[in-house]
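In: sequence and predicted structure are below.
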Amino acid sequence: METKAYKREQWIKKREYILAAAGHLIGLGNVWRFPYLCYKNGGGVFLLPYIFFAVLCGVPLYLLENTIGQLTQEGAITCWNKVCPIAKGTGYAIMVIQLYSRLYSIVLAWALLYLIYCFRATLPWATCNNPWNTDRCVDLTSANWTAVHSGNLPVNWTSENLTKSSASEFWERRVLSMSGGIEWELLLCLLACWVACYFCIWKGVRFTGKVVYVTAVFPYIMLAILLVRGLTLPGAWQDVVYYLYPEPSRLADLQVWMEACAQVLFSYGVAAGTLITLGSYNKVENNRYRDSLWLCVLNSCTSFIAGFAVFSALGFMAQAQEIPINMVVDSGPGLAFIVFPQALAMMPLPQLWSVCFFLMLIMLGLDTAFAGLETITSSVIDMFPGTMRRPWRREIFLLLFCSACFVIQIPLTTQGGIYLFQLVDYYGSNGACMLFVSFVQCVAVGWAFGAERMCDAVEEMTGQRPWFIFVLCWRCFTPLICMVCFICSFVDYQPLTFGNYVYPDWAYYLGWAIALSSIVLIPCWAIGKICLTKGSLRQRLLVLWHPVSDPADMNETELTPISAPLPDMLSILLKGCQNKSTSDNR
């Protein structure tokens, strides 16, 4: 008896895809990374390398991945069977990177714990009257700043050997439980975050399309509120200047260009498979070309505007403490969970602004989390469509996967959890991995599939042909930049440290193993397929270099390369998708 096949889902409305893509693009990096990098790397001058990499790497890769997903109607792994079979290892590399990225759920747990504490009469990170505080604690909301600057109290409250701010002690001793033991409240928050992620995507994109109306729109509302409030604070405009104050000499620093490239890749969400996955749920005729350009502009503008919200609040804090802005600015978790909460605690109605800020963080993180989770789920389902598209198979797989991730992440809620998180985050999803994946994707599309053919595919599906600059980028500029930056990332390698803590040697070895675990899958897959494919070496390379002739009935070991011109090849691809849909509806 023939097993019934179930049709692959699609977005019900186009705006649901736009909101989901925008939610994935606008993440924590826009709030806690870009403003700091802009300030650190020359202010307004940093925008030059940022725009350079955005134009030549970010936008071309964003359009490329969206096009691959929409053209093939497949997830991040199986899509390469229809584009360049020998590059399928990039899909498995992306899955490994996504698995490491699931550790970001702990950031959601941190934000949720802070949000719960926001509803207290007194914010716990604003005072030193808590059980976790030490004798070194300084309440910066009511400290005597005359005494501080006269020498009776040390100014550098971030130093381990001097005083600690109340916000620092709350973060280190209460949230991270660095004083010892298991933090059960944080464990419950982590569980709640995984439950939320599960129910956001458990029924597929038709349900997720409704969730993004809240998770994608709400952060913009909160960011607008915080921006208006921040710019009306005393001292805000004076210190916003530090955010964009240009230092042209910084353009000669290689580190500035490397950080700009990494920020573009992280911010645009490329080499993560999510863009391919979200695009694969579009109708084939959707105008992704226009959508991609506008979404990229939206992402960069949001990063830029978020800097004003961040630095206006930090400027107010610096003026209140009568210290330079460089003593309060920070990046990453330090900005989101120490510096910014401290600034909010010094404002009138601190609970209100803290609720707005942490709700924004939760929504930003939740969008990114369930988009990555959908990438993994969709890839597994597309690999085994006959089994995984049957009723309840998706829900069961997702439940098991989320449960396993939660159990694995329990150590992150313990005393040494932050050190483990930093290790996996630094090596598991670093810029070098994404650069190499991006390089292989560009070579596969620009040279194997054909950049002109890809442009023809976009034109035939949308009626709008991409600019010729995209052909140059896919074939030359983007892969060249990615490979140069990939090599420079090893030349400019800096061992991971966390504050004053230096990791042991075995941790660095483990870190390199984590970093290479995704990269090595690409050549390993290519070599394995060459060995397993029949024919001479030239025939094997020809077969694996070109897309298959019949994507609907493809056999992994018997592939036939396409040598027809683009219109015929595109017709074959589209016909394959239509045949697949027809068989699904039987």
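Out: Here it is on my side, so go on.
In: low-confidence stretches in this protein?
Out: Applying pLDDT under 70 to the chain picks out residues 1-6, 140-162, 178-183, 548-586.
In: where do the strands sit along it?
Out: Remark: strands assigned in the chain by DSSP state E are 137-138, 164-165, 497-498, 501-502.
In: export those strands as a markdown table, with columns for distance to Lys283.
Out: To be clear about C-beta, it is placed using only N, CA and C from the backbone, and glycine gets the same treatment. As requested, the strands of the chain are exported to a markdown table (distance: least, Cβ to Cβ, whole Å):
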| stretch | distance to Lys283 |
| --- | --- |
| strand 137-138 | 58 |
| strand 164-165 | 53 |
| strand 497-498 | 47 |
| strand 501-502 | 51 |
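In: identify, out of those strands, the most deeply packed stretch.
Out: By mean neighbour count, with neighbours taken as mean count of other Cβ atoms under 10 Å, strand 164-165 ranks first of these at a mean of 24.
In: run through the neighbouring helices and strands of that one.
Out: strand 137-138 (3 or more Cβ pairs under 8 Å, 6 or more residues apart in numbering; DSSP states H and E).
In: each with direction, which strands does the strand it packs on pair with?
Out: In the sheet, strand 137-138 lines up against strand 164-165 (parallel) (DSSP bridges).
In: so how many other residues sit close to the spatially closest residue to Tyr243 that is not a sequence neighbour?
Out: Distances taken as Cβ to Cβ, 6 or more residues apart in numbering place Phe311 nearest to Tyr243, at 4.2 Å, with adjacent residues excluded. Using other Cβ atoms under 10 Å, the number of residues around Phe311 comes to 27.
In: who's in contact with Phe311?
Out: Residues in contact with Phe311, defined by Cβ atoms under 8 Å, 6 or more residues apart in numbering, are 35, 39, 236, 239-240, 242-243, 325, 329.
In: which of the residues you listed sits closest to Phe53?
Out: Phe53 lies nearest to Pro35 out of those, by Cβ to Cβ, at 17.4 Å.
In: how many residues are close by the nearest residue to that closest one once chain neighbours are set aside?
Out: Closest residue to Pro35 apart from its sequence neighbours, by Cβ to Cβ, 6+ apart: Gly307 at 3.7 Å. Neighbour count of Gly307, defined by other Cβ under 10 Å: 22.
In: looks like Gly307 contacts Tyr243 (just checking).
Out: Yes. Counting by Cβ atoms under 8 Å, Tyr243 is a contact partner of Gly307 at 5.2 Å.
In: now the helices for the stretch 1-150 of the chain?
Out: Taking DSSP state H, counting those that start in this stretch as the criterion, the stretch 1-150 of the chain contains helices spanning 14-25, 28-32, 34-40, 47-53, 59-72, 89-101, 105-117, 145-150.
In: just name the most buried of those.
Out: Taking mean count of other Cβ under 10 Å, helix 59-72 is the most buried of the helices of the stretch 1-150 of the chain, at a mean of 26.
In: ok now that one, how far from the chain's centre?
Out: 17 Å (Cα atoms, centre = their mean, to the nearest Å).
In: point out the other helices and strands that it packs with.
Out: Looks like helix 59-72 contacts helix 254-268, helix 274-280, helix 288-321, helix 431-443, helix 451-462, helix 566-584 (3+ Cβ pairs under 8 Å, 6+ apart).
In: list the buried residues in the first one.
Out: What that stands for is helix 254-268. Residues of helix 254-268 classed as buried: 256-268 (neighbour count, 16 or more other Cβ atoms under 10 Å).
In: and which of the residues you listed is nearest Leu64?
Out: The nearest member of the buried residues of helix 254-268 to Leu64, counting by Cβ to Cβ, is Tyr268 at 11.2 Å.
In: what is the burial count for the closest residue to the closest one other than its chain neighbours?
Out: Leaving aside its sequence neighbours, Tyr268 sits nearest to Gly58 (Cβ to Cβ, 6+ apart; 4.2 Å). By the criterion of other Cβ under 10 Å, Gly58 has 26 neighbours.
In: how many residues are close by Tyr509?
Out: Neighbours of Tyr509 under the rule other Cβ under 10 Å: 10.
In: residues in contact with Asn30?
Out: Counting by Cβ under 8 Å, 6+ apart, Asn30 touches 267, 299, 302-303, 306, 364.
In: name the nearest of those relative to Gly230.
Out: For the contacts of Asn30, the nearest to Gly230 is Ala306 (10.5 Å; Cβ to Cβ).
In: follow-up on the earlier one: looking at the helices and strands packed on helix 59-72, which is buried most?
Out: Most buried of these, by mean neighbour count (mean count of other Cβ under 10 Å): helix 274-280, with a mean of 28.
In: mind giving me the packing neighbours of it?
Out: Helix 274-280 sits against helix 14-25, helix 59-72, helix 350-383, with contacts defined as 3+ Cβ pairs under 8 Å, 6+ apart.
In: out of those, nearest to Gln464?
Out: Closest approach to Gln464 among the helices and strands packed on helix 274-280 is made by helix 59-72 (11.6 Å; Cβ to Cβ).
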